[in-house]
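In: Below: sequence and its predicted model.
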Amino acid sequence: MDNEKILKCMKALADPVRLEIFNMLRGGTLCACKILERFAMTQPTLSYHMKLLTESGLVVAKRDWKWSYYSVDERAAEEIGNYFKHIEKEK
């Protein structure tokens, strides 16, 4: 994973709301409506957060008719995890 990709992932997770959304998605795929139920925000605000998470590569979005479903991109999450594991080994 290159530095630009790592930086995008870290920026995406630096916001408390996006970090909580990511943690929710670690439990499995969720519809945007289920994510929205957890937060006191509008749908456009949720869309903004989801855009940043998907652009980082950590989250994958799938459309099914009018619904959006989100899940963690396991490969990207593993890569970012390996990045931090590698830092620990260098100490």
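Out: Good, I have the coordinates.
In: can you list contacts of the longest helix along the chain?
Out: For the chain, the helix that runs over the most residues, judged by DSSP state H, is helix 74-90. Helix 74-90 is contacted by residues 1, 5-6, 9, 56-58 when judged by C-beta atoms under 8 Å, 6 or more residues apart in numbering. Every C-beta, even on glycine, is put in place using the N, C-alpha and C of the backbone.
In: for stretch 40-47, same thing?
Out: Contacts for stretch 40-47 (C-beta under 8 Å, 6+ apart): 17, 32, 35-36, 39.
In: Over to stretch 18-25?
Out: 12-13, 30, 35, 38, 49-50, 52-53, 58-59, 70-72.
In: who wins for most neighbours among those residues?
Out: Highest neighbour count within these: Leu53, with 25 neighbours (other C-beta atoms under 10 Å).
In: what's the following helix or strand after the helix or strand containing that residue?
Out: Using DSSP states H and E, the element containing Leu53 is helix 43-56. Reading on from helix 43-56 to the C-terminus, the next helix or strand found by DSSP H and E is strand 59-64.
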